[in-house]
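1. no letters, just coordinates:
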DNA sequence: TAATTAATATACCAATCGGTATATATTATA
DNA sequence: TATAATATATACCGATTGGTATATTAATTA
């Protein structure tokens, strides 16, 4: 890893929470400079423009939560327990340090859907990969006879994602975990209901 | 209605879709000027700053969808039919002209939760009024024996809202109605399930 | 160690940001 | 119709925006 590559990584790590809280339009180069302690020359020596930093910051933010969930899922062997990781995790959303700045998919989607095609594409792909991961787990669960055969994997995963994202939005803006507790209780029941 | 009051209304009507698409940080005074055809002097003669326009634009956007739903609900007499207005409406979210710019609560919440206390407060209040309205309908439904007595009005309304907001986020960023159809089918079943 | 390359800092650019003071229209009132 | 009050336009303000050219420093290689 060259010095430049280290600096690139450093810049992305330091700025990704800023992009997630303030958004693309709300994050300025001054924000990037003061977060990294670097000057404009150093930033533009490593990235071609603000866009490139923002896109990589999104990848970083999404990658972080994706691997966090992936590791928690890997611990369990039964599919139902793997799925239960979601309500368990998002119930504590407001208290998970690196999620303080919010869900990157939610934040990026709502800002970029009408304004930033490249960020929009990133968010869409992230949603799709999450959905496919869920669907796969459910399908495996059906094959292993741990999940009812009549379960519609696509539908179930989409509903799970919608509940989580809608609840996170409300919890973040109100600052209260009430919505998360109510919805994650419900999601937990939904998951246990498809158990064989 | 004085001339100034007319102009104020005119400015808010013309700029509210812009604030909803581009966000607070992403909407500039030049955007406001070109949307209204007015000059800076005229805008600052009627509003004290950009904040005031943004806050009223949010009220306008939320008021529009709230009254749209309210009118549709008023048509029905049975509570279940009133509740079914939500899945019916949000199923076509992407095709309702004045909702093209997205859900104001969703957009404002995700941008303002960490950046703009006043807008954040507006979004929180809007969520609360929506939730209370739903809860009231359900309680009336229970009293009228149209809804099962064991239904938890708070839980049900929160879950309904989460599903809708999560689905709208996904539909807007992907540009596809698939998620809306799947989730609104599910919501419809949920509503019919609490019918007495 | 000297020369070369890579990485960072400095100083600047035009354009745009939100906002204001003042001049000019426009409207309402006497 | 003359006057007063309101409303809009013009012209400007300093600060900040994203971005660049060049100078300087640090790291690597010969």
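-> On my side now, so go ahead. Small disclaimer: the values here were computed from a predicted structure and weren't measured. Numbering: from 1, shown residues only, chains lettered A, B, ... in the order given.

2. can you list the residues of chain A near DNA strand C?
-> Within chain A, the positions near DNA strand C by C-beta under 7 Å from any atom of the strand are A:2-5, A:7, A:38-42, A:45-46. Placement of C-beta: from N, CA and C, glycine included.

3. out of these, which are inside helices?
-> Among the residues of chain A next to DNA strand C, DSSP state H puts A:3-5, A:7, A:40-42, A:45-46 in helices.

4. among those residues, who's most crowded?
-> Within these, most neighbours by other C-beta atoms under 10 Å in any protein chain shown means residue A:46, with 20 neighbours.

5. mind listing what it touches?
-> Listed by C-beta atoms under 8 Å, 6 or more residues apart in numbering or on different chains, the contact set of residue A:46 reads A:4, A:7-8, A:11.

6. quick one: contacts for the residue nearest to it when sequence neighbours are not counted?
-> Nearest non-adjacent residue to residue A:46, counting by C-beta to C-beta, 6 or more residues apart in numbering or on different chains: residue A:8, 4.9 Å away. By C-beta under 8 Å, 6+ apart, the residues touching residue A:8 are A:46-47, A:56.

7. out of those, who's nearest chain B?
-> Taking C-beta to the nearest C-beta as the measure, residue A:56 is the one of these closest to chain B, at 19.1 Å.

8. was I right to think the closest one contacts residue A:12?
-> Yes: the pair formed by residue A:56 and residue A:12 meets the contact definition of C-beta atoms under 8 Å, at 5.1 Å.

9. for those two, indicate the residue with more neighbours.
-> Per other C-beta under 10 Å, whichever of residue A:56 and residue A:12 has more neighbours is residue A:12, with 23 against 19.

10. now residue A:100. Its backbone dihedrals?
-> The phi/psi pair for residue A:100 (degrees, to the nearest 10) reads phi -50, psi -40.

11. helices of chain A, residue ranges please.
-> Here chain A has its helices, by DSSP H, at A:3-26, A:29-36, A:40-46, A:50-75, A:79-91, A:104-112, A:117-143, A:153-174, A:178-193.

12. of those, which is nearest residue B:20?
-> helix A:104-112 (10.2 Å; C-beta to C-beta).

13. now check that closest one, is it near chain B?
-> Yes: with C-beta under 8 Å from any C-beta of the partner chain as the criterion, chain B is reached by helix A:104-112 at A:106-107, A:109-112.

14. counting by contacts, list what that helix packs against.
-> Under the contact definition 3 or more C-beta pairs under 8 Å, 6 or more residues apart in numbering or on different chains; DSSP states H and E, helix A:104-112 sits against helix A:3-26, helix A:50-75, helix A:117-143, helix A:153-174, helix B:104-112, helix B:153-174.
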